[in-house]
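A.B. asks: Provided below are the primary sequence and the corresponding predicted coordinates.
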Amino acid sequence: MTAIVPALPAIGTEFGLPLSTVQFAVSIYLLGLALAQPVHGMLADRFGRRPVFLWGFAVFTLASLACALSATMLWFTVFRLVQATGIATATVVTRAMFRDTFDMDTSAHYTAYLAGGMGVATMLAPALSGYLIETSGWRMSFYAMTGLALPVFILLLSTLPETRQQLKVTESTFRKMRVDLNGLIESKPFWGYTLVFAFGNVAFFTFLTSAPLYFEEHFYTGPALFGFYMGSMAFAFICGSLIGGRIIRQYGSERTLQFGLCGTFSSAGLILLMLWSLPISALTILSPFLLLFAATGLVNPPSMAGAVAHHPDKAGTASGLSNSMSMAIGALATVIATQVYDGNILSLCLPVVIAVILSVLSYLLLISTRRE
């Protein structure tokens, strides 16, 4: 998801398109995740975790190779969509497997370390991609994805267990899916945790969409340097996730979520303070965002676990739908951020601040419904 960011200017140059058009490759990826994750979740509940995981990873591997070989922007965008459709199985099935095995607090504890591992990929991908782009062209980034995905698929094929309990099938597949979806749609805790998670991610997605343009225009950063900047923010997220894992073990997932939301809200205040009173530089922009993404590392694991914990009989569907809503809101936010961005620092930061406020309001709504 993040390896493509340093490649956007190079892709636009090769295909003769403006960056505002090439940025659609980010939005289409999020859209693919949003559309595919509920389907993967329902299939995993019905047919098991292992076959759905393996099928999706195989699709991702082949689509990554197809992206590298694409001759036009149209085909590149199509294969980006297919790539996202395949890899959508990863987070959905993993969260469902955690719920199959652990209670809510333990699931949140291990989800924090899972998020840290995902953060490592987020940190390494832009830096490695930026280096490959400058030395071998943007296509090499997708060849690298293919080369990394293939051995992982082989490892999964030989070692991935099946954790879903064998349930007696008493109704048709489509009826079971419809019943599970209706149950989740009517669940207030599911929506509360999902929206906290979704708007927390929107802060990252909106920054990811406009930051390459702003840094290139105002600080003349190349792909490698901007990849380093993105890597430092991913490192902050990793640190927050790892610290969150320890806090969850000591204080529980709910208290950890509260700590994280206090951190994100404070970071949003620092961003506004930076806009109001500090000279604009790469350092003054990155500093509050580093704190924001570290706090997001505390928010994501308990909110992800909370959305699934109350529905053990349909963990795959709950995981898929919550991820889907997060990606759909993120995709919409990237489109809005692209339209709002006008080269000004305010247009870069204001969507992030609004996303943080909505995440906090979602948790307050969750608390009020719980009291009712």
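C.D. replies: That came through fine.

A.B. asks: switch to C-alpha atoms for all contacts and neighbour counts from now on
C.D. replies: Noted.

A.B. asks: Lowest mean pLDDT among the helices and strands of this structure, which one is it?
C.D. replies: Between all helices and strands in the chain, the lowest mean by mean pLDDT, DSSP states H and E belongs to helix 173-185, at a mean of 67.

A.B. asks: what's the helix or strand for the residue nearest to the spatial centre of the chain?
C.D. replies: Centroid-nearest residue in the chain: Asn201, 6.4 Å away (criterion: Cα atoms, centre = their mean). Asn201 is part of helix 188-219 when elements are defined by DSSP states H and E.

A.B. asks: quick one: buried residues of stretch 1-16?
C.D. replies: Thr2, Ala3, Ile4, Val5, Pro6, Ala7, Leu8, Pro9, Ala10, Ile11, Gly12 (16 or more other Cα atoms under 10 Å).

A.B. asks: wouldn't the fifth one be in contact with Tyr229 here?
C.D. replies: So the one you mean is Pro6. No: counting by Cα atoms under 8 Å, Pro6 stays clear of Tyr229, with 10.7 Å between them.

A.B. asks: what touches both of the two?
C.D. replies: Here Pro6 and Tyr229 have no joint contacts, going by Cα atoms under 8 Å, 6 or more residues apart in numbering.

A.B. asks: now what about stretch 273-284, what contacts it?
C.D. replies: Phe215, Phe219, Ile285, Ile345, Leu346.

A.B. asks: Reformat those into TSV and put neighbour count and pLDDT next to each item.
C.D. replies: As requested, those are exported to TSV (neighbours: other Cα atoms under 10 Å; pLDDT from 0 to 100):
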residue	neighbour count	pLDDT
Phe215	18	79
Phe219	12	75
Ile285	18	83
Ile345	16	84
Leu346	15	86
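
A.B. asks: got the CA coordinates for stretch 275-290 in PDB?
C.D. replies: Taking C-alpha atoms only, stretch 275-290 is exported to PDB below (Å, rounded to 0.1, in the frame of the first residue of the first chain):
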ATOM      1  CA  LEU A 275       0.300  26.000  11.800                       C
ATOM      2  CA  TRP A 276      -0.500  29.000  14.000                       C
ATOM      3  CA  SER A 277       2.900  30.000  15.500                       C
ATOM      4  CA  LEU A 278       5.900  28.100  14.100                       C
ATOM      5  CA  PRO A 279       7.900  28.600  10.900                       C
ATOM      6  CA  ILE A 280       7.100  25.900   8.300                       C
ATOM      7  CA  SER A 281       9.900  23.400   7.700                       C
ATOM      8  CA  ALA A 282      10.200  19.600   7.300                       C
ATOM      9  CA  LEU A 283      11.100  19.300  11.000                       C
ATOM     10  CA  THR A 284       8.100  21.300  12.300                       C
ATOM     11  CA  ILE A 285       5.700  19.400  10.100                       C
ATOM     12  CA  LEU A 286       7.100  15.900  10.900                       C
ATOM     13  CA  SER A 287       7.400  16.300  14.700                       C
ATOM     14  CA  PRO A 288       3.700  16.400  15.600                       C
ATOM     15  CA  PHE A 289       2.900  13.800  12.900                       C
ATOM     16  CA  LEU A 290       5.400  11.500  14.500                       C
END
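
A.B. asks: Which residue ranges of the stretch 201-350 of the chain form helices?
C.D. replies: Remark: helices assigned in the stretch 201-350 of the chain by DSSP state H, counting those that start in this stretch are 223-251, 253-277, 282-309, 315-340, 345-371.

A.B. asks: tell me the angle the third one makes with helix 253-277.
C.D. replies: Angular relation of helix 282-309 and helix 253-277 on a 0 to 180 degree scale: 150 degrees, by axes from the mean of the first three to the mean of the last three Cα atoms, to 10 degrees.

A.B. asks: Now do helix 282-309 against helix 315-340: the angle between them, please.
C.D. replies: 150 degrees.

A.B. asks: and helix 282-309, how far from the chain's centre?
C.D. replies: 11 Å (Cα atoms, centre = their mean, to the nearest Å).

A.B. asks: for the last one, same thing?
C.D. replies: Distance of helix 345-371 from its chain centroid, counting by Cα atoms, centre = their mean, is 17 Å.
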